[in-house]
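# what shape does this take:
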Amino acid sequence: MSISKGDTVTWNTPQGTTTGTAKEKKTKPFQHDKQKFDASSDEPYWIVESEKSGSTAAHKESSLTKKG
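Prediction:
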């Protein structure tokens, strides 16, 4: 299962499952909200936008589930 830009995805948070939109795939180390992430082509990360809050976060592709 591969995720594409614009896909609706879900991920787990301490408050439960959250739904959002996949915005940007990262395959090289990057910073988001002052945090460093070691993304690679073997372990990509996605910038996702929360449906509820509209805020963005970085998540490993392996921690995201594509809806639909």
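# which elements pack onto the top strand by length along the chain?
Longest strand of the chain, by residue count under DSSP state E: strand 16-26. Counting contacts by 3 or more Cβ pairs under 8 Å, 6 or more residues apart in numbering; DSSP states H and E, strand 16-26 is packed against strand 8-13, strand 45-50. To be clear about C-beta, it is placed using only N, CA and C from the backbone, and glycine gets the same treatment.
# residues contacting that strand, please?
Outside of strand 16-26, the residues within contact range by Cβ atoms under 8 Å, 6 or more residues apart in numbering are 3-12, 37, 39, 44-52, 56, 58, 61, 64, 67.
# 10 Å instead?
Outside strand 16-26, the residues that touch it by Cβ atoms under 10 Å, 6 or more residues apart in numbering are 2-12, 30, 32, 37-41, 44-59, 61, 64-67.
# need the winner for burial among the helices and strands packed on strand 16-26.
strand 45-50 (a mean of 21; mean count of other Cβ atoms under 10 Å).
# tell me who's in contact with residue 45.
24-30, 32, 37-39, 57-64.
# just the buried ones from those?
Buried members of the contacts of residue 45, scored by 16 or more other Cβ atoms under 10 Å, are 25, 26, 37, 39, 57, 58, 59, 61, 64.
# any chance of the helices and strands packed on strand 16-26 in JSON lines, plus distance to residue 20 and mean pLDDT?
Output for these, formatted as JSON lines (distance: least, Cβ to Cβ, whole Å; pLDDT from 0 to 100):
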{"stretch": "strand 8-13", "distance to residue 20": "6", "mean pLDDT": "96"}
{"stretch": "strand 45-50", "distance to residue 20": "5", "mean pLDDT": "98"}
